[in-house]
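>>> show me the folded form of this:
(chains A and B)
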Amino acid sequence: MAYVAIADRDDPHAMHHPKSFVTRYIWSQDHKVIAIQYSLIAIAVGLVALVLSGMMRLQLGFPDTFSFIDPADYYQFITMHGMIMVIYLLTALLLGGFGNYLIPLMVGARDMVFPYMNMLSVWVYLLAVIVLMASFFVPGGPTGAGWTLYPPQAISEGTPGASWGIILMLLSLAIFIVAFTMGGLNYVTTVLQARCRGMTLMRMPLSVWGIFMATVLGLLAFPALFVSAVMMALDSLIGTSFFMPAIVSLGETSSHEGGSPILFQHLFWFFGHPEVYIVALPAFGIVSDLLSTHARKNIFGYRMMVWAIIAIGGLSFVVWAHHMYVSGMNPYFGFFFATTTLIIAVPTAIKVYNWILTLWRGDIHLTVPMLFSIGFIFTFIHGGLTGLFLGNVVVDVPLSDTYFVVGHFHMVMGVSPILVIFGAIYHWYPKITGKMYNDFLGKAHFWLTLLGTYSIYLPMHYLGILGVPRRYFAMGTTDFIPESAQAMNAGITISAIIVAVVQVIFIVNMIWSYFKGKDAGGNPWRATTLEWQTPQTPPEHGNWGEKLPVVYRWAYDYSVPGAKEDFIPQNEPPEPGVVAGREHGVEHT
Amino acid sequence: MAIAVVLILLVVGSVIFHFWSPWWFTPIASNWGMIDDTVNLTFWVTGIVFVLINLFMAYCIIRFRHRKGNKAAYEPENKKLEIWLTVITSIGVAALLAPGLLVWAKVVTVPEGAMEVEAVGQQWAWSYRYPGNDGVFGTTSIRHVTAKNPFGVDPDDPNGQDDVLVDGKHMHLPMGQPVKLLLRSKDVLHNFTVPQFRVKMDLVPGMVSYIWLTPTRTGKFDVLCEELCGLAHFAMRSKVVVQEQNDFDAWLATQPTFASATERMEPDLASGQASYAVCGACHGAQGEGNAMLNAPKLAGQNSWYIEQQLKNYKSGVRGYHEGDIYGRQMAPMAGTLVDDKAIANVSAYIATLPEKRVSDTIIGNTRRGKDLYRTCGTCHGDDGRGIWATHAPRLKNMDDWYLKRQLENFKAGIRGSHPDDPFGQQMVLMSPILGDEQAIDDLVAYLGAL
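Sure, this is the predicted structure:
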């Protein structure tokens, strides 16, 4: 049989629609169901991490008050909080959740190219989460090595969870990477092979570009973490010396000899820095689409935005050692990595300019997704600029390992992507459920979250400049930290608890609106991209009914002069007499 | 609209916070003022960008918010504007990077003639080594590390014999003298940080890293570990004393060298026994302790711990606080031991005393005590045997009333707050996890059951 391009396979009867509850909602191969499964697991485990952060804030804000938090607990909380948030929440939610939901719908495909593997991906991800959670119940508890898991500490006595906890962590990471790889190959193949007619790469919505590039980064970066997890497990279990030099730990001489702890750091950050962009790039893409839709204006400088995503993705592989300026590596590396790191600021700044220039001369509807997008721009500018401190090697030195770093990375890869995720959930909620969320609750959620998080993280930068070190269970007395810093810490804790509690508003809104929300209709935002043009809302299995859509224009034909409406869907054929958009600045007629 | 107003308020608020917050760099005590300059430069450049971009965004929101009949402009690209923005950003970034790299070049280049000092990290203590009169460090190996040779100096290396060892005490540096700090770890990653010096670096087991600086101000500064190194990471502290060259030289001359520290003869047990007669009056002839006289059991305690505590009593590092009534009784007693050798002898003698089971006087919930002990056990050993490397004494089968009193003293800062008692300070930092008297009783009851 001759090969037929995926975009030309119109027959929906070949799709084998699921018939039972189990195949529809549990062992489902529908990308939309898998997306929701991914998202629910990620949000559930994220709530665990949120509670952990509340516990550690209690200790920091009110030391000597809570006897149920001892130093081992504290280090276990920070470790699990960090790892869960970065990997099991953000990566899983942005790629497994949004990637799964949006890619096929936005590129006009019926599903992922390998639906069965897609289904395996989410269940293997769940297994990774279960293994991780199991570490709370093993002897010694979860690892308390910090989310960076640096050896020799991570596998030495003297660190909480150095026997069972760390092994389960490494195992869980390895399983997660298997899950990610199955999903990731799917996303990449789907974007490259399953786009509908007319959907050229340079017509794809930036959400797809961001998720696509992030997936490519993940596929290249996660193997570094995988091998380091395997090597560290071998060091711990059978006494190899990949990362373990000869040491005397707590009076006991080890049998290791000649391993390099810094090798682990290189491997870890070769994964770890691209990981920042695995989280950031989908957020960049999604926020571009939210801004454009709700400002009723094309994204400014689309081609520049695409190239910036590609440039950032590429550069993200040559900046990793900026996490290691004070690691004891050859200090001359600092020249190279400071330079590459500051270069990455240029494409990143361009993205920020283009978001704001999208607002410029727009018709800005201050909907909940728009508010979250604006909040994101604000926090991202803040976090991006403090990155210029930490990227510039000599400026980093006094600030490294202090609360400045904690403030910076929470602002740039905690708060910022989370604001985009919330904006995106509110934005696509009507498509996913067919119902509109409650606007008042959405706005309340936004205001409390934005102001609350800013009041948590802004002061942390200043505590860091003062020299307050991170990862301290208690400061005790020092001769350079004034009483006022402890008062500030108490204030930060109160903000953190408020922010954590107000997330209940979000959950209530999601559940209440699902049952009681107003019907949203198929395209409540009057958006151009394909997912809003599906014949049913929520889209059914196969997405498009009998015929796949055909795309005639880019994703940003908002407020085209002469058009009847202020948006023209991508699948709307050109109309004689109307300038069919000026995709990429080129006039088409 | 509200969002635009809030954005403006956040920008203004951030600027006010920046200038009015009481938290800023500690007053510098090294030559690295130019690091502060690069930080300040970065603050100005990024601060201006922060204000301008956010105010522009707020303006856009106000000016172009949706009102009836509004329509957005249609402008996919503007090549000229995009090129301009790229060029200006690149110039701004280069303006931050160039001075940063120039200063970094100075940071990595150690000046000729810098004095070398070694800082050695271990879980969870700092110690320091000076090269001695020959100006050359003896080679070290992790395989040489023992309780008697905590630095792991090669005993056969002639260069090492005169190395000055400062074990578990403060580092001293002469003012105005460039110093290259060689950083070495015995176990896991650590980080040598003195906030007032600005430069910091990790200690990596298996290799030696370095930083250099010139102290510019006399005084005493905190040394912190800033690389997570296990359970007691936050309690891994020390101090650096910067003093005039003369004072420094005088201090250095009083410190033991590797040769003098290892030369110590076999302890003289007979002499130790003679000295012990004074101790035995309260602690009992067999070191069995006497609760009526508030004298704890000594038999079975690690001799290195007894030795250290006697030195602490003698030098006023322990028993200094008015609240420590029995500690203050002990201080003059320790004074009867004339020198370190006498202290070593009596400690060695105590180690020979036969051990008896102590009687329990405190009742508590041993299950809860076991939970609490997981923190303690990290340094003191799971079985409470005591670990020399962490300077943590034996807790097993020691008088419970004494342990309880000491925990209370640590919690109250009556013991361990002396600046020259780094291990006591660790207990001051750790003891607050025992929230109330019940917690102490539970813990001590668990120790009694070990």
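
>>> from here on, contacts and neighbour counts on C-alpha atoms
Will do.

>>> helix or strand for B:M57, which one?
Using DSSP states H and E, B:M57 sits within helix B:33-63.

>>> what is the mean pLDDT for the helix or strand just after that helix?
Downstream of helix B:33-63, the first helix or strand assigned by DSSP H and E is helix B:79-108. For helix B:79-108, the mean pLDDT works out to 95.

>>> so which residues make contact with the helix or strand that comes right after helix B:79-108?
Next in sequence after helix B:79-108, counting helices and strands by DSSP H and E, comes strand B:115-122. For strand B:115-122, contacts defined as CA atoms under 8 Å, 6 or more residues apart in numbering or on different chains pick out A:249, B:126-131, B:151, B:177-188, B:190, B:203.

>>> buried sites along stretch B:20-35?
Residues B:23-25, B:28-32, B:34-35 are the ones in stretch B:20-35 that count as buried (16 or more other CA atoms under 10 Å in any protein chain shown).

>>> I meant stretch A:212-231, not that one.
Quick answer for stretch A:212-231 (16+ other CA under 10 Å): A:212-219, A:221-226, A:228-231.

>>> A:W544 contacts A:W532, doesn't it?
No - with contacts counted by CA atoms under 8 Å, A:W544 stays clear of A:W532, the gap being 11.1 Å.

>>> which of those two has more residues huddled nearby?
Between A:W544 and A:W532, A:W532 has the larger neighbour count (other CA atoms under 10 Å in any protein chain shown), namely 25 against 22.

>>> where does the residue lying closest to the more buried one once chain neighbours are set aside fall, phi/psi-wise?
Excluding the flanking residues, the one nearest A:W532 by CA to CA, 6 or more residues apart in numbering or on different chains is A:N523, at 5.2 Å. In terms of degrees, to the nearest 10, the main-chain angles of A:N523 are phi -150, psi 70.

>>> what's the neighbour count on A:N523?
18.

>>> do the same with A:Q536
Each residue near A:Q536 was counted by other CA under 10 Å, and the total is 15.

>>> that one in helix, strand or coil?
When classified by DSSP: H, G, I helix; E, B strand; the rest coil, A:Q536 comes out as coil.

>>> thought it was touching A:G522?
Yes - counting by CA under 8 Å, A:Q536 does reach A:G522; the two are 7.1 Å apart.

>>> tally of neighbours for B:R67?
There are 10 residues near B:R67, going by other CA under 10 Å.

>>> let me see the contact set for it.
A:D363.

>>> apply 10 Å and report the result again.
By CA atoms under 10 Å, 6 or more residues apart in numbering or on different chains, B:R67 lies in contact with A:363-365.

>>> again, but for A:G158
Applying CA under 10 Å, 6+ apart, the residues near A:G158 are A:72, A:144-145, A:249-250, B:123-124, B:188, B:229-233, B:375, B:377-379.

>>> that one and A:E252: what is the separation?
According to CA to CA, to the nearest Å, A:G158 and A:E252 sit 11 Å apart.

>>> tell me the confidence at A:H584?
What the model reports for A:H584 is a pLDDT of 61.

>>> ugh, wrong one, A:R24
Confidence score, pLDDT, at A:R24: 84.

>>> same deal with A:S67?
Reading off the model, A:S67 has pLDDT 81.

>>> same deal with the one 3 residues further on?
For A:D70, the pLDDT comes out at 91.

>>> that one: how many residues sit nearby?
Around A:D70 there are 22 residues (other CA under 10 Å).

>>> before we move on, what about A:A349?
Around A:A349 there are 19 residues (other CA under 10 Å).

>>> I figured it hits A:I381, correct?
Yes - taking contacts as CA atoms under 10 Å, A:A349 lies within contact range of A:I381: 8.5 Å.

>>> still on that earlier bit, what touches both of A:W544 and A:W532?
Common neighbours of A:W544 and A:W532 (CA under 10 Å, 6+ apart) are A:L105.

>>> for B:V240, helix, strand, or coil?
strand.

>>> tell me the helix or strand right after the lowest-mean-pLDDT helix or strand in chain B.
Sorting the helices and strands of chain B by mean pLDDT, DSSP states H and E puts helix B:258-262 at the bottom, at a mean of 85. Of the helices and strands lying after helix B:258-262 in sequence (DSSP H and E), the nearest is helix B:269-283.

>>> so where is chain A shaky, pLDDT-wise?
A:1-3, A:10-15, A:577-589 (pLDDT under 70).

>>> not counting sequence-adjacent ones, nearest residue to the residue in the stretch 101-250 of chain A that chain B sits nearest to?
Residue of the stretch 101-250 of chain A nearest chain B, by CA to the nearest CA: A:T159 (4.4 Å). Leaving aside its sequence neighbours, A:T159 sits nearest to B:G230 (CA to CA, 6+ apart; 4.4 Å).

>>> cool, A:Y558 as well?
A:F567 (4.2 Å).

>>> quick one: the strands in the stretch 151-300 of chain A?
Here the stretch 151-300 of chain A has its strands, by DSSP state E, counting those that start in this stretch, at A:248-249, A:252-253.

>>> sheet partners, orientation included, of the first one?
Here strand A:248-249 has these sheet partners by DSSP bridges: strand A:252-253 (antiparallel).

>>> look up the pLDDT of B:G435 for me, please.
87.

>>> ok, the residue in the stretch 301-450 of chain B that chain A sits nearest to - how many residues close by?
Nearest residue of the stretch 301-450 of chain B to chain A: B:A389, at 4.8 Å (CA to the nearest CA). Neighbour count for B:A389, taken as other CA under 10 Å: 20.

>>> distance of it from B:F234?
From B:A389 to B:F234 the distance is 17 Å (CA to CA).

>>> swap in B:W212?
24 Å.

>>> surely A:L89 touches A:M80?
No - using CA under 10 Å, A:L89 is not in contact with A:M80, being 11.6 Å away.

>>> OK, contacts around the closest residue to A:R470 other than its chain neighbours?
In space, and not counting its chain neighbours, A:R470 is closest to A:T402: 4.9 Å by CA to CA, 6+ apart. Residues near A:T402 by CA under 10 Å, 6+ apart: A:460-472, B:226-227.

>>> what's the farthest-apart pair in these?
A:Y462 and B:E227 (19.7 Å; CA to CA).

>>> name the residue in the two with the higher neighbour count.
More crowded of A:Y462 and B:E227, by other CA under 10 Å: B:E227, with 28 against 23.

>>> I figured that one hits A:R471, correct?
Yes - if you go by CA under 10 Å, B:E227 and A:R471 touch, sitting 8.3 Å apart.

>>> overlap of the contact sets of the two?
In contact with both B:E227 and A:R471: A:146, A:401-402, B:233-234, using CA under 10 Å, 6+ apart.

>>> returning to that earlier point: for ChimeraX, write the selection for the buried entries among the contacts of B:R67.
In ChimeraX, a selection of the buried entries from the contacts of B:R67 looks like this (16+ other CA under 10 Å):
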select /A:363,364,365
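
>>> of the contacts of B:R67, which ones also sit close to chain B?
Among these, the ones lying near chain B by CA under 10 Å from any CA of the partner chain are A:363-365.
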